[in-house]
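S.K.: sequence and predicted structure are below.
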Amino acid sequence: MVQTGWTAQRWTAVFLEQAEMFRKAVADADPATEVPTRPGWTVQDLVIHLARFLETSTAYLRTGSRNPIRPPDTRADLAPLPYLDQQLAVAHEILEAVPGNRPVWTFSPTAPDLAWVWHRRIAHETVLRRFDAQATVRQLVATDPGLAVDGIDEVLTTIVAAKLDGDVPSDVSGSAVVTLTDVPEAWLIALEAGEAPQTRAAAPGEAGDAQVVGEAELVYFWLWNRMNLKEMTGDKRVLDVLQVGRGH
């Protein structure tokens, strides 16, 4: 369920805003500095990761491919910041040029094969990496609650299904209700072993096998394993499925 008011143009604007903050943070950091939110990575790894992600994801928008595209090989001779700058510029151009309703392969069994899914994914991947970069240089800025709501919605309606359809299938069945305390949004996600999860708006007072409660920003980054969240109860196996950021 795409939140009302979100369009390809709005996600593009988010990408540009977050990319600028990411670029500033990594420019201020030593490339060899370890990224605290991504153990085992350095700032240089973070820069190359985002650049490679942009190169791959924008290829779908550029070509309209209806099949998966192999990510580019990592070249040993890459100059990380020039490579990043090149991919940021290309992404800006492509995101603005491609309409959200263009048919294209997407990465989740619960997502439509339309370009806006990539606009959204690129925006939120850049938010996540901006968070990583700013955490490294200790210059974190707050994330807008409306943006966080859309990010939560992406995780629950798209990313969890992609996770279960990929390298980490799960035999967990159960449900979770995710409720935000600073904005009036709540979701129910139902898991069934071997099937794609089903997500919808939660009814007032509805309960699941697990409950997640918190402010939008905290829940958003908890789902991506970047922040701690105290108000979680119920089936831990279900909660573990929802946390898509482990290893990401």
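M.R.: That came through, no problem.

S.K.: per the record, what domains does the protein have?
M.R.: The record, using automatic domain parsing to delimit domains, assigns the chain the ranges 8-137, 155-242.

S.K.: let's have the ones you listed in CSV, adding mean pLDDT, distance to residue 145 and mean neighbour count.
M.R.: Any C-beta I mention is one placed from the backbone N, CA and C, and that applies to glycine too. Below are the domains of the chain laid out as CSV (pLDDT from 0 to 100; distance: least, Cβ to Cβ, whole Å; neighbours: other Cβ atoms under 10 Å):
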stretch, mean pLDDT, distance to residue 145, mean neighbour count
domain 8-137, 95, 13, 18
domain 155-242, 94, 4, 18
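
S.K.: export these to JSON lines and tack on distance to residue 149?
M.R.: Formatted as JSON lines, the domains of the chain follow (distance: least, Cβ to Cβ, whole Å):
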{"stretch": "domain 8-137", "distance to residue 149": "12"}
{"stretch": "domain 155-242", "distance to residue 149": "5"}
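
S.K.: closest to residue 143 out of these?
M.R.: Nearest of the domains of the chain to residue 143, taken as Cβ to Cβ: domain 155-242 at 4.8 Å.

S.K.: now do the end-to-end distance for that closest one.
M.R.: 8 Å (Cα to Cα, to the nearest Å).

S.K.: how far out from the middle of the chain is that domain?
M.R.: Taking the mean of its C-alpha atoms, domain 155-242 sits 14 Å from the chain's own mean (Cα atoms, centre = their mean, to the nearest Å).

S.K.: residue contacts, residue 71?
M.R.: Contacts of residue 71 were listed using Cβ atoms under 8 Å, 6 or more residues apart in numbering, and they are 52, 55, 56.

S.K.: then residue 110?
M.R.: Residues 157, 158, 161, 196, 197, 199 are the ones in contact with residue 110 under the rule Cβ under 8 Å, 6+ apart.

S.K.: helix/strand/coil for the second one?
M.R.: Reduced to three states with DSSP: H, G, I helix; E, B strand; the rest coil, the structure at residue 158 is helix.

S.K.: now residue 177: which helix or strand?
M.R.: Taking DSSP states H and E as the criterion, the element that holds residue 177 is strand 174-180.

S.K.: what are the contacting residues of stretch 182-201?
M.R.: Contacts made with stretch 182-201 from outside it, assessed by Cβ under 8 Å, 6+ apart, are listed as 1, 109-110, 145-146, 149, 152-153, 156-157, 160-161, 164-165, 170-180, 202-204, 206, 208, 215-216, 238, 241-242.

S.K.: C-alpha coordinates for it, PDB please?
M.R.: Output of stretch 182-201 as PDB, limited to C-alpha atoms (Å, rounded to 0.1, in the frame of the first residue of the first chain):
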ATOM      1  CA  ASP A 182       3.700  10.000  16.800                       C
ATOM      2  CA  VAL A 183       1.600   9.600  13.700                       C
ATOM      3  CA  PRO A 184      -1.700   7.700  13.200                       C
ATOM      4  CA  GLU A 185      -0.400   4.700  11.300                       C
ATOM      5  CA  ALA A 186      -0.500   1.000  12.100                       C
ATOM      6  CA  TRP A 187       0.000  -2.200  10.000                       C
ATOM      7  CA  LEU A 188      -0.700  -5.800  10.400                       C
ATOM      8  CA  ILE A 189       1.600  -8.200   8.700                       C
ATOM      9  CA  ALA A 190       0.700 -11.900   8.500                       C
ATOM     10  CA  LEU A 191       3.300 -14.600   7.900                       C
ATOM     11  CA  GLU A 192       2.600 -18.000   6.500                       C
ATOM     12  CA  ALA A 193       5.400 -20.500   5.900                       C
ATOM     13  CA  GLY A 194       6.100 -20.900   2.200                       C
ATOM     14  CA  GLU A 195       3.800 -18.000   1.200                       C
ATOM     15  CA  ALA A 196       4.300 -14.300   0.600                       C
ATOM     16  CA  PRO A 197       3.400 -12.300   3.600                       C
ATOM     17  CA  GLN A 198       0.200 -10.300   3.600                       C
ATOM     18  CA  THR A 199       0.100  -6.700   4.900                       C
ATOM     19  CA  ARG A 200      -2.800  -4.300   5.500                       C
ATOM     20  CA  ALA A 201      -3.700  -1.400   7.700                       C
END
